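[1] give me a 3D structure for the following:
(chains A and B)
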Amino acid sequence: MSGLLQTGLTLLASAEESHGEGGHHGTSFIGLFVYLGLTLLVLFVLLQSAKMGFKDRVFTRKTTSWFEQVYLFVEGMCVNIIGPHGRKYTPFIITFWLVIFVSNAVGLFMASTPTADLGFNLGMALISIGYVQWEGIGTNGVFGHFKHFAGPKLGLAMIPITLMIFVIEIISEAIKNVSLSLRLFGNIEGGHLAVEAMNKLGEPFYIPIGFFLLPIKVLTVVVQALIFTLLTCVYISLVTHHEEEHHDEHALEPTHA
Amino acid sequence: MNMTGQGLGIGIGLAALGVGLGLGLIGYSALQGMARQPEAIGKLQTVMLIALAFVELVFLLTVFIVPGSMGAFNR
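    Numbering: from 1, shown residues only, chains lettered A, B, ... in the order given. Have a look, this model is predicted:
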């Protein structure tokens, strides 16, 4: 089993490596930090501009009302998916949303972007899933959190099956990191590659055909930022929603009967 | 282009076919649900996006894992 996992990881690493040296798509280590710095610069300028609007009684600055709308949207998403106790996760989720959205938007104008790098995405996914484990342990306790992996109670005779479910759940928890990061990387980098290929198609006529993909890329920018945060919300809700459910059931029983 | 390249082309095309069908089915049923129950659009959109993400991942895994396992990235 460890051999299989190792093979998968080396394949991922070699894919990333050959991607980097195969052309001018991938970013070098320094290049990643240049683009990351650019992203953070854009983000901080926008946020500072929004923060300066706080001093007035009414929001006179456009950016303040934009960010208010973004905040309300993300807060609504958290409360809808995680439940009433989901409001405290809003700062965590909105940080991911802003970083991914702004760096994707930078990728519309630049040759590369932090989210078109597998390493950066894997880092974000590790933070996200690690926080999910932390919250699960904080809510259910260490034993309760790991009992959650073992599936439903099946009795003494079914211990081998419970063990198998436990192992599979642990693996799927580890795969969540890969899936989160690979989805973002594939979408952003795939968009870049598609534009390159279509530009090559129109080269004899001096028409940049890839330009017509811009609407789809703009859609991808929003949807990928949304999906990463949405899935983080879903994972958080999976590990923290148990006690609330029992309360709800007790509260709802008299009305049903 | 050698045999590996041809196989890759066919395989990735097949993967794109399957994922395209899956995405179309998700969009079809989500649109139908939204048209029948416009007040549930918010919830339906959320679930639709999650399903889209999971289907999309299958294609990305194909694109990145299969060429690697066939040795296309080895120089």
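[2] same question for the helix or strand harbouring residue B:9, mean pLDDT?
    Using DSSP states H and E, residue B:9 maps to helix B:3-36. Mean pLDDT, helix B:3-36: 89.
[3] and residue A:121, how many neighbours?
    Residues near residue A:121, counting by other C-beta atoms under 10 Å in any protein chain shown, number 25. C-betas here are computed from N, CA, C, even on glycine.
[4] ok now do the residue nearest to it when sequence neighbours are not counted, which residues does it touch?
    Closest residue to residue A:121 apart from its sequence neighbours, by C-beta to C-beta, 6 or more residues apart in numbering or on different chains: residue A:181 at 3.7 Å. Residue A:181 makes contact with A:118, A:121-122, A:124-125, according to C-beta atoms under 8 Å, 6 or more residues apart in numbering or on different chains.
[5] could you rerun that using 6 Å?
    A:121-122, A:125 (C-beta atoms under 6 Å, 6 or more residues apart in numbering or on different chains).
[6] for chain A, what are the nearby residues on chain B?
    B:49, B:53, B:57, B:60, B:64, B:68, B:73 (C-beta under 6 Å from any C-beta of the partner chain).
[7] which ones are touching the second one?
    With contacts defined as C-beta under 6 Å, 6+ apart, the neighbours of residue B:53 are residue A:227.
[8] what about residue A:52, how many neighbours?
    Count around residue A:52 with other C-beta under 10 Å applied: 13.
[9] now residue A:193
    15.
[10] picking that back up, in strands, which of the residues of chain B next to chain A fall?
    Among those, no member is found in strands (DSSP state E).
[11] ok, which pair from those is furthest apart?
    Pairwise distances across those peak at 31.1 Å for B:49 and B:73 (criterion: C-beta to C-beta).
[12] let me see the mean pLDDT of stretch A:199-216.
    On average, stretch A:199-216 scores 86.
[13] what's in contact with that stretch?
    A:195, A:198.
[14] and the residue of the stretch 51-200 of chain A closest to chain B?
    The nearest approach of the stretch 51-200 of chain A to chain B comes at residue A:186, 3.7 Å away (C-beta to the nearest C-beta).
[15] with adjacent residues omitted, what lies nearest to that residue?
    residue B:60 (3.7 Å).
[16] same question, residue A:210
    residue A:195 (3.6 Å).
[17] and after whichever helix or strand residue A:188 is part of, which helix or strand comes next?
    Assigned by DSSP H and E, residue A:188 belongs to helix A:159-201. Next along the chain after helix A:159-201, taking DSSP H and E as the criterion, comes helix A:214-240.
[18] helix A:159-201 and that following helix, what's the angle between them?
    170 degrees (axes from the mean of the first three to the mean of the last three C-alpha atoms, to 10 degrees).
[19] would you mark the buried spots in helix A:214-240?
    A:217, A:220-221, A:223-233, A:235-237, A:239-240 (16 or more other C-beta atoms under 10 Å in any protein chain shown).
[20] ok, now stretch A:80-92?
    A:81-83, A:86, A:89-90, A:92.
[21] how about residue A:56, phi and psi?
    phi -80, psi 160 (degrees, to the nearest 10).
[22] apologies, that question was intended for residue A:110.
    phi -110, psi 170.
[23] tally up the residues packed near it, please.
    14.
[24] still on that earlier bit, dump the residues of chain B next to chain A into JSON lines; add pLDDT and distance to residue A:161 as well.
    JSON lines is the format used below for the residues of chain B next to chain A (pLDDT from 0 to 100; distance: C-beta to C-beta, whole Å):
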{"residue": "B:49", "pLDDT": "88", "distance to residue A:161": "33"}
{"residue": "B:53", "pLDDT": "88", "distance to residue A:161": "30"}
{"residue": "B:57", "pLDDT": "87", "distance to residue A:161": "27"}
{"residue": "B:60", "pLDDT": "85", "distance to residue A:161": "31"}
{"residue": "B:64", "pLDDT": "76", "distance to residue A:161": "32"}
{"residue": "B:68", "pLDDT": "70", "distance to residue A:161": "33"}
{"residue": "B:73", "pLDDT": "59", "distance to residue A:161": "38"}
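[25] what comes up buried for the helix or strand harbouring residue A:147?
    Using DSSP H and E, the element containing residue A:147 is helix A:118-149. Along helix A:118-149, these residues count as buried under the neighbour rule (16+ other C-beta under 10 Å): A:118, A:120-122, A:124-125, A:128-129, A:132, A:135-136, A:139-140, A:145, A:149.
[26] which residues are in contact with residue A:227?
    So residue A:227 contacts B:49, B:53 (C-beta under 6 Å, 6+ apart).
[27] do you know how far the residue nearest to the spatial centre of chain A is from chain B?
    When C-alpha atoms, centre = their mean is applied to chain A, the residue found nearest the centroid is residue A:228 (2.6 Å). As judged by C-beta to the nearest C-beta, to the nearest Å, residue A:228 and chain B stand 9 Å apart.
[28] lovely, talk soon.
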